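Enquirer: Predicted structure and sequence below. I'll ask about it afterward.
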Number of protein chains: 2
Amino acid sequence: MESLDNLISSFSSLPSIGKKSATRLAYFILKSDKRIAEKLAHDLLNIKVMVKNCSQCGTYTEGDICNICSSLNRDKIICVVEQSQDVYFIDSTGEYSGYFHVLNGVLSPLNGVGPKELKLDKLVNRIKEEGFKEVIIATNPTLEGDTTALYILKLLEGIDVKVSRIASGMPVGGDMEYIDKQTLSRSLKGRISY
Amino acid sequence: MESLDNLISSFSSLPSIGKKSATRLAYFILKSDKRIAEKLAHDLLNIKVMVKNCSQCGTYTEGDICNICSSLNRDKIICVVEQSQDVYFIDSTGEYSGYFHVLNGVLSPLNGVGPKELKLDKLVNRIKEEGFKEVIIATNPTLEGDTTALYILKLLEGIDVKVSRIASGMPVGGDMEYIDKQTLSRSLKGRISY
């Protein structure tokens, strides 16, 4: 059946949904009330129309400026992240109440992503003009994320602002037996004195 | 963001997709080209319009009669299954080339599903009129599936047709250490002589 095969292939194109899960989902849609399919279809189309990038920090927002940027009583700290969903992850820890800046990528010369593509000058301008006390660089602890962090650190030299990098080490609940050497060595290097 | 929350809740309403996976999927939709959202939305609506139940065997089909029912060179065997997707599962083993009959449920008096709701008279009529040599009852080996199988066996008493039930026992690759007692006892009862 063409319509079934199409839906299975559409579901398979989503991350972490394989052929088998996609088939189960498609049969669930077939089996269930058509309102479920209609609501999902509506929400899929709606989100692509409604959601834009915040003109200030670059995260997803339904308005022109996101809730965080338009809030006035947050700490004067700026957290630099790779992607919009990182804002959601950090915000939902409840540990951070500053502002954000979304790079929408990381430096990756092989993929043609340089400082220009990430609009790093915009980040530097924000830091200069908006009077932040601290910049937390929260790119992922990967080769690209680390490189991007170092690059930003260089750009901020000479600007009177504290720059920090999120800690990298053993995840909570982790077991040394199963942790890779690089993570363990980071954990040692980044040790915190009592 | 309302549109994001809506999409997350829509994805969460699908089976085996929890809040965390739904969030990841929604962010994927946000991040990716809008054609992916549009294709999925289209396929979701399309399948609910295009797919009906085969007027003969009850499985999903885009026409009036499904491909299997309209094929003339299949074995004169009928396999009784609970749901439409079971047709797909059995057909994809490549081990079976007969016809099917979909009950769209199992006997479950507590949920108000009796012989009438499953249209078992239609099944009996098909078996009488279409000259099948064998009926394979392939309802699941659950309490309801087994009860339904026994009920159908009773209904077919007096009709000149061979009736069989799919084997139930240890799954291939299984280990006795981890198998439940009921399955193991079925495996013993249903042993096959060399």
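Expert: It's in. Residues are numbered from 1 along each chain as shown, chains lettered A, B, ... in the order given.

Enquirer: Please enumerate residues in contact with the longest helix seen in chain A?
Expert: Using DSSP state H, we find that the single longest helix of chain A is helix A:34-50. With contact meaning CB atoms under 8 Å, 6 or more residues apart in numbering or on different chains, helix A:34-50 is reached by A:29, A:62, B:1-4, B:6-7, B:10-11, B:13-14, B:26, B:29-30, B:34, B:37-38, B:40-42, B:44-45, B:47-48. In this view, the C-beta of every residue, glycine as well, is placed from N, C-alpha and C.

Enquirer: try stretch A:151-158
Expert: Contacts with stretch A:151-158, where a contact means CB under 8 Å, 6+ apart, come from A:80, A:107, A:115, A:120, A:123, A:124, A:127, A:135, A:137, A:163, A:165.

Enquirer: Reformat those residues into a markdown table and put secondary structure next to each item.
Expert: Below are those laid out as a markdown table (DSSP: H, G, I helix; E, B strand; the rest coil):
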| residue | secondary structure |
| --- | --- |
| A:80 | strand |
| A:107 | coil |
| A:115 | coil |
| A:120 | helix |
| A:123 | helix |
| A:124 | helix |
| A:127 | helix |
| A:135 | strand |
| A:137 | strand |
| A:163 | strand |
| A:165 | strand |
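
Enquirer: Going through the residues you listed, which ones are buried?
Expert: The neighbour-count test (16 or more other CB atoms under 10 Å in any protein chain shown) marks A:80, A:107, A:120, A:123, A:124, A:127, A:135, A:137, A:163, A:165 as buried among the contacts of stretch A:151-158.

Enquirer: OK, contacts around the closest residue to the second one other than its chain neighbours?
Expert: Closest residue to residue A:107 in three dimensions, ignoring its sequence neighbours and counting by CB to CB, 6 or more residues apart in numbering or on different chains: residue A:148, at 4.5 Å. With contacts defined as CB under 8 Å, 6+ apart, the neighbours of residue A:148 are A:82, A:103, A:106, A:107, A:118, A:137, A:139.

Enquirer: helix or strand for residue A:188, which one?
Expert: Element membership for residue A:188, per DSSP states H and E: helix A:181-189.

Enquirer: Buried ones in that helix, by neighbour count?
Expert: A:183, A:186, A:187.

Enquirer: how many neighbours does the spatially closest residue to the second one that is not a sequence neighbour have?
Expert: Just to be clear, that refers to residue A:186. Distances taken as CB to CB, 6+ apart put residue A:168 closest to residue A:186, at 4.7 Å, once the chain neighbours are dropped. Residues lying near residue A:168 (other CB atoms under 10 Å in any protein chain shown) number 16.

Enquirer: Make sure residue A:168 is actually in contact with residue A:188.
Expert: No. Residue A:168 lies out of contact with residue A:188 (CB atoms under 8 Å); the separation is 11.3 Å.

Enquirer: Can you show me the CA trace of the helix or strand containing residue A:121 as PDB?
Expert: In the assignment (DSSP H and E), residue A:121 maps to helix A:120-129. C-alpha atoms of helix A:120-129 as PDB (Å, rounded to 0.1, in the frame of the first residue of the first chain):
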ATOM      1  CA  LEU A 120      30.700  35.500  16.200                       C
ATOM      2  CA  ASP A 121      31.000  39.300  15.700                       C
ATOM      3  CA  LYS A 122      27.400  39.600  16.800                       C
ATOM      4  CA  LEU A 123      28.200  37.600  20.000                       C
ATOM      5  CA  VAL A 124      31.200  39.900  20.700                       C
ATOM      6  CA  ASN A 125      29.000  43.000  20.200                       C
ATOM      7  CA  ARG A 126      26.300  41.700  22.500                       C
ATOM      8  CA  ILE A 127      28.900  41.000  25.200                       C
ATOM      9  CA  LYS A 128      30.500  44.500  24.800                       C
ATOM     10  CA  GLU A 129      27.200  46.400  24.600                       C
END
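
Enquirer: tell me the domain ranges of chain A?
Expert: A:2-50, A:53-165 (automatic domain parsing).

Enquirer: of all these, which lies closest to residue B:175?
Expert: Within these, the stretch nearest residue B:175 is domain A:2-50; the backing value is 22.2 Å (CB to CB).
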